[in-house]
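Asker: Sharing a model prediction with you, sequence too.
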Amino acid sequence: MIKYLTDLECIQFERLLLLRSKELSLSDQESHLLLLIYTFSSLRKKMITPTLLLQYSSLTPQEMDHVLESLLHKKWISNKNGAICLNNFIKRLLEKEEEVVEEKMNLVDVFEEEFGRPLTPMELESIKEWVQGGYSEEMIYKALKEAVKSNVSSLRYIEGILINWAQNGIKERYIEEKQKERVVPESHYHWWEDE
């Protein structure tokens, strides 16, 4: 669909660049030069050179070199036989980078949710000792899941799982299993042929 809209020139990439430049970590000068380069490219200008860009920019030659070098480093442009070319300009403008935000797991909340009750001070101390003892929060969480899977909501059981895993060098024991889809065999009975 995007290719179709692009071919019909329904998307204004100039506006998109201006609106997304901060998100794409582009300075104002970099955005300005990218707009100039894109404009010359869309006008089918074959040789886009720094000299040409200087004619349409208020940047000094030193600033121009610095900004072009930055765009080269960020891989927005490339230099082909002395001409400046855009590298996947449209694709990079259109793609939305998913920011992976790792939320710090709050083990206490997870345990309370799984147990269905608030934790006692002794249980809180046990969890704290596990973390200080070198067990990762992810491993503790997986041990909790293993215990819940076995319908046991005891910290001693979870501690036993952690000790067992540590002794056997297991780090990735618990793997979420997807529910198997029920497959119903097809019937080849032709009810209309019974008459």
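Answerer: Now that the structure is in, tell me what you want to look at.
Asker: in this structure, which segments are predicted with low confidence?
Answerer: 1-11, 96-105, 170-182, 184, 186-195 (pLDDT under 70).
Asker: Tell me where it has strands.
Answerer: Using DSSP state E, the strands assigned to the chain run over residues 77-80, 83-86.
Asker: got the contact list for the first one?
Answerer: Counting by CB atoms under 8 Å, 6 or more residues apart in numbering, strand 77-80 makes contact with 34, 37, 68, 71, 72, 84, 85, 86, 87, all of which sit outside it. (C-beta placed from N, C-alpha, C; glycine too.)
Asker: how about those in TSV, adding neighbour count and distance to residue 130?
Answerer: Listed next are the contacts of strand 77-80 as TSV, based on neighbours: other CB atoms under 10 Å; distance: CB to CB, whole Å:
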residue	neighbour count	distance to residue 130
34	24	51
37	22	56
68	21	54
71	23	49
72	14	49
84	22	57
85	13	56
86	17	53
87	13	49
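Asker: what about residue 59, how many residues close to it?
Answerer: Residue 59 has 18 neighbouring residues, counting by other CB atoms under 10 Å.
Asker: oh, and call the first residue 2 from now on, that's how I've got it
Answerer: All set: I'll call the first residue 2, so the last point we hit is now residue 60.
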